[in-house]
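Peer 1: A structural model of the following input is requested.
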Amino acid sequence: MILVTGASGSLGAQVVNELLNRVEDSEIAVLSRDTSKVAEFKEKGIEIRQGDYNDYESLVKAFDGINKLYFVSSSDIPNRIAQHENVVNAAKEAKVGHIVYTSFQRKTNKKDSIIGFVAESHIHTEEIIKASGIPYTILKHALYMEVIPLFLGDKVIDMGAVYLPTDDGKVSYASRVDMAQGGAIILSTNGHENKEYEFGGELSLGMDDVAKVLSGLSGKEIAYVSPSTEDFIKTLSEAGVPKEAIDITVGFSVGIAAGEFDGATNDLKDILGHELISLSTFLKGAYDLQEA
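Peer 2: I've put the predicted structure just below:
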């Protein structure tokens with residue numbers, strides 16, 4: 001039995017739907033804190049189990065009889081370490097056969113790095129998974145292409161500029177769709193025990209590349225402007241953007257500028273056995289554009 005956590009979220013749901021193309025529906029279960037949010041899967045013949053990363057006993061019960069666990073990292077960053085310890089310890093108690101963990105790609109493998117605000121919990125989780133004795137596969141996800149519109153906003157074409165303090169930093173973006181398919185392949189095939197894969201793109205791309213692609217698609221010249229972080233914060237604050245959103249964007253932008261997400265890799269393409277979704281294809285759909 002394969003159990004997918006975070007099935008109410010975009011990544012988890014996509015993994016489940018990919019698994020349906022590869023294994024019998026009776027071999028799949030999903031975990032959710034609120035089972036009403038994953039009711040759609042019950043109609044597909046998938047077992048629904050209730051479990052909360054904050055509730056250790058609920059996890060032990062939910063993990064009973066599970067051979068492979070697709071462990072989606074928590075989005076609750078301040079409480080992520082405690083939650084992930086619950087998941088790993090519960091998996092060990094329930095004798096889960098294999099953990100597939102969605103970690104993240106980074107250049108510096110230190111908890112106090114410039115991206116420590118997100119790196120610390122992932123590094124810690126990888127360490128405790130390996131120490132648990134449970135066979136594992138670590139999927140080090142690059143930044144999703146899907147974050148690009150979140151960083152740039154929906155008015156980037158109208159503004160005529162990509163405005164982000166990333167300097168000349170590059171990222172090996174890959175789409176969540178490709179990563180979900182890759183995860184489903186790992187879960188439904190053998191030979192991935194105690195391995196780590198870099199799930200990112202073959203090319204490292206900067207925001208100047210994003211601007212060029214948007215220019216080509218829209219037929220409008222889109223400039224790339226990399227302001228200082230101070231000017232960026234001031235501009236967005238004056239525009240009424242919430243502080244939390246600004247802080248997250250700045251945190252990732254500083255990491256990008258420092259090269260922390262520059263990790264071009266063939267791992268994901270090799271697992272999929274086909275070309276990845278390109279930046280152009282993604283942006284065309286994200287911004288409803290056609291080649292100009």
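
Peer 1: please, where are all the strands along the chain?
Peer 2: 2-4, 28-32, 47-50, 68-71, 98-104, 136-141, 161-163, 170-171, 195-199, 205-206, 223-225 (DSSP state E).

Peer 1: so which of those strands is nearest Ser58?
Peer 2: strand 47-50 (6.5 Å; Cβ to Cβ). (Each C-beta comes from the backbone N, C-alpha and C, glycine too.)

Peer 1: and the strands of the chain as a markdown table, adding mean neighbour count, mean pLDDT and distance to Val87?
Peer 2: Below are the strands of the chain laid out as a markdown table (neighbours: other Cβ atoms under 10 Å; pLDDT from 0 to 100; distance: least, Cβ to Cβ, whole Å):
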| stretch | mean neighbour count | mean pLDDT | distance to Val87 |
| --- | --- | --- | --- |
| strand 2-4 | 26 | 98 | 11 |
| strand 28-32 | 26 | 97 | 10 |
| strand 47-50 | 17 | 96 | 13 |
| strand 68-71 | 27 | 99 | 6 |
| strand 98-104 | 22 | 98 | 8 |
| strand 136-141 | 22 | 98 | 12 |
| strand 161-163 | 21 | 97 | 37 |
| strand 170-171 | 26 | 98 | 28 |
| strand 195-199 | 19 | 97 | 18 |
| strand 205-206 | 20 | 98 | 33 |
| strand 223-225 | 15 | 98 | 40 |
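
Peer 1: switch those strands over to CSV; also include distance to Ala184.
Peer 2: Below are the strands of the chain laid out as CSV (distance: least, Cβ to Cβ, whole Å):
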stretch, distance to Ala184
strand 2-4, 9
strand 28-32, 10
strand 47-50, 17
strand 68-71, 9
strand 98-104, 10
strand 136-141, 11
strand 161-163, 33
strand 170-171, 24
strand 195-199, 12
strand 205-206, 25
strand 223-225, 35
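
Peer 1: the lowest-mean-pLDDT helix or strand in the chain: which residues count as buried?
Peer 2: Sorting the helices and strands of the chain by mean pLDDT, DSSP states H and E puts helix 39-42 at the bottom, at a mean of 91. Neighbour-count burial for helix 39-42, counted by 16 or more other Cβ atoms under 10 Å, picks out Phe41.

Peer 1: and stretch 2-20, by the same measure?
Peer 2: In stretch 2-20, counting by 16+ other Cβ under 10 Å, buried: 2-8, 11-16, 18-20.

Peer 1: ok, stretch 239-257 next?
Peer 2: Ile246, Ile248, Thr249, Val250, Gly251, Phe252, Ser253, Val254, Gly255, Ile256, Ala257.

Peer 1: cool, and stretch 225-242?
Peer 2: Quick answer for stretch 225-242 (16+ other Cβ under 10 Å): Ser226, Thr229, Phe232, Ile233, Leu236.

Peer 1: what sits against the residue lying closest to the second one once chain neighbours are set aside?
Peer 2: The spatial neighbour of Thr229 that comes closest, neighbours along the chain excluded (Cβ to Cβ, 6 or more residues apart in numbering), is Pro165 at 4.9 Å. With contacts defined as Cβ atoms under 8 Å, 6 or more residues apart in numbering, the neighbours of Pro165 are Ser226, Pro227, Ser228, Thr229, Asp231, Phe232, Val250, Ser253, Val254, Ala257.

Peer 1: same thing but at 6 Å, please
Peer 2: Residues near Pro165 by Cβ atoms under 6 Å, 6 or more residues apart in numbering: Ser226, Pro227, Thr229, Phe232, Ser253.

Peer 1: run the chain-centre distance for the least confident helix or strand of the chain.
Peer 2: Relative to the centre of its chain, helix 39-42 is centred 23 Å away, using Cα atoms, centre = their mean, to the nearest Å.

Peer 1: repeat that for stretch 101-110.
Peer 2: Taking Cα atoms, centre = their mean, the mean C-alpha location of stretch 101-110 is offset from the chain mean by 11 Å.

Peer 1: what lies in contact with it?
Peer 2: 71-73, 119, 122, 126, 129, 138-142, 198, 200, 259-260, 263.

Peer 1: list the contacts of the residue nearest to Asp208 when sequence neighbours are not counted.
Peer 2: Nearest residue to Asp208, sequence neighbours excluded (Cβ to Cβ, 6+ apart): Tyr224, at 4.4 Å. The contact partners of Tyr224, taken as Cβ under 6 Å, 6+ apart, are Val162, Met207, Asp208, Ala211.
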